[in-house]
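Student: sequence-free structure coming up:
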């Protein structure tokens, strides 16, 4: 009879260990993400990509050339698991991906903890790393960094701006 309890005890111990270790880790939140284009850009055409990125991949995304990303034969863009939004005078000035969409399932399965909003902005060409490039906005997807279930972003001539306030990152 004692042998029957050993596998159950090991499974229980493993489950408890995973729960304890996992409780300190950030959990990915799912958000309704609304992207709007300001009036100055409404007469032209603007492309915006939303990409969920995990921790191992974030550094290459942070330093990747935005000129190269928006180039015609970009391997990075072609292989990205992304939501593409196209804005023009014929489209809505605001587009939303919902937190219940299939893309969130895919991003969650890869362990995405960052949301990149990448914009092909007319007249902006200088390459800079991370959020220093006005065509790239990197947002954390940790649930604890946001107050609600929605994030609003605005694409402007000078760059991409998050309109939703974030909670400050807690010191360890």
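Tutor: Done, it's in. These numbers were taken from a predicted model, which means no experiment stands behind them. Residues are numbered from 1 along each chain as shown.

Student: Once you drop chain neighbours, what's closest to the spatially most central residue of the chain?
Tutor: Taking Cα atoms, centre = their mean, the centroid of the chain lies closest to residue 115, which sits 1.1 Å from it. In space, and not counting its chain neighbours, residue 115 is closest to residue 139: 4.7 Å by Cβ to Cβ, 6 or more residues apart in numbering. Using the backbone N, CA and C atoms, a C-beta is placed for each residue, glycine as well.

Student: Same question for residue 45.
Tutor: Counting by Cβ to Cβ, 6+ apart, the residue nearest residue 45 is residue 88, at 4.7 Å.

Student: roughly how far apart are that neighbour and residue 95?
Tutor: Residue 88 sits 12 Å away from residue 95, going by Cβ to Cβ, to the nearest Å.

Student: what about those two, which has more around it?
Tutor: Neighbours of residue 88 and residue 95, each counted by other Cβ atoms under 10 Å, are more numerous for residue 95; the result is 18 against 14.

Student: Any chance you could list what contacts whichever helix or strand that one is part of?
Tutor: Using DSSP states H and E, residue 95 sits in strand 94-97. Applying Cβ atoms under 8 Å, 6 or more residues apart in numbering, the contact partners of strand 94-97 are 32, 33, 34, 35, 36, 37, 50, 83, 85, 87, 103, 104.

Student: List the neighbouring strands of the host helix or strand of the fifth one plus their orientation.
Tutor: For residue 36, the host element (DSSP H and E) is strand 32-37. Sheet neighbours of strand 32-37, with direction, are listed as strand 94-97 (antiparallel), strand 150-156 (parallel) (DSSP bridges).

Student: one step back: between the contacts of strand 94-97, which is nearest residue 128?
Tutor: Using Cβ to Cβ, residue 50 comes nearest to residue 128 of the contacts of strand 94-97, at 20.1 Å.

Student: which residue sits closest to that closest one, ignoring its sequence neighbours?
Tutor: Closest to residue 50 by Cβ to Cβ, 6+ apart is residue 83, at 4.4 Å.
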